[in-house]
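Asks: Predicted structure and sequence below. I'll ask about it afterward.
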Amino acid sequence: MNQLAEAYDEGLRAGELRLQYCEKCDRAIMYPKHRCPYCFGSELTWQPASGTGTLYSLTVQHLGAPTAFTDQLPYALGVVRLAEGVQLLGRLLPDADGGWSGYRFDMAVEFVPNPAGVPQTERPIAWFRPTAQ
């Protein structure tokens with residue numbers, strides 16, 4: 001396991017999306033780092049994220065997935081910009097029909113802790129769905 005991302009992975013396993021924060025400049029950091037990329041401070045902590053954000057980009061994988069994910073095809077990945085200002089790559093839950101046609105760029109999305117009926121992998125994954133209006 002990557003020690004730098006251990007707190008992030010533990011959070012996902014516990015149903016919580018966590019972000020690294022710099023105590024010196026009070027900024028959220030994603031992906032985990034040893035030092036703050038803004039002020040180079042080393043006083044980094046982990047805090048729960050809001051879990052809300054905006055879908056910036058998405059792709060649906062039908063072929064050519066890494067070997068570890070071929071049994072999960074098709075699946076969708078999305079770049080989500082969280083309310084805290086950082087972006088991360090996550091999986092998108094399918095629509096009721098099993099596709100992803102309901103997703104739109106710039107739509108509000110929310111983190112889904114431990115969604116039922118989705119494959120669990122060795123490394124936890126952040127899952128997102130459209131925000132209920």
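Replies: Nice, thanks for sending it over.
Asks: Which element, helix or strand, includes residue 12?
Replies: Residue 12 is located in helix 6-13, with elements delineated by DSSP states H and E.
Asks: what's that helix packed up against?
Replies: Counting by 3 or more CB pairs under 8 Å, 6 or more residues apart in numbering; DSSP states H and E, the packing neighbours recorded for helix 6-13 are strand 18-22, strand 44-48. Any C-beta I mention is one placed from the backbone N, CA and C, and that applies to glycine too.
Asks: Highest mean neighbour count out of these?
Replies: Across these, averaging neighbours per residue (mean count of other CB atoms under 10 Å) puts strand 18-22 on top, at a mean of 21.
Asks: list the helices and strands the next helix or strand after that one packs on?
Replies: Towards the C-terminus, the helix or strand next in line after strand 18-22, according to DSSP H and E, is strand 28-29. Other helices and strands packing on strand 28-29, by 3+ CB pairs under 8 Å, 6+ apart, are strand 18-22.
Asks: Note down every partner strand of the strand it packs on and its orientation.
Replies: Strand 18-22 has these partner strands in its sheet, going by DSSP bridges: strand 28-29 (antiparallel), strand 44-48 (antiparallel).
Asks: Outside of it itself, which residues are in contact with it?
Replies: Strand 18-22 is contacted from outside by 7-8, 10-12, 27-30, 32-33, 36, 38-39, 41, 43-49, 82, 84, 86, using CB atoms under 8 Å, 6 or more residues apart in numbering.
Asks: State the mean pLDDT of that strand.
Replies: Confidence over strand 18-22 (mean pLDDT, whole number) is 97.
Asks: per-residue confidence averaged over the strand ranked longest in the chain?
Replies: Counting residues, the longest strand found in the chain (DSSP state E) is strand 52-61. What strand 52-61 shows for mean pLDDT is 96.
Asks: tell me what the helix or strand following that strand is packed against?
Replies: Once strand 52-61 ends, the next helix or strand along the chain (criterion: DSSP H and E) is strand 75-82. When contacts are defined as 3+ CB pairs under 8 Å, 6+ apart, strand 75-82 packs onto strand 52-61, strand 87-92.
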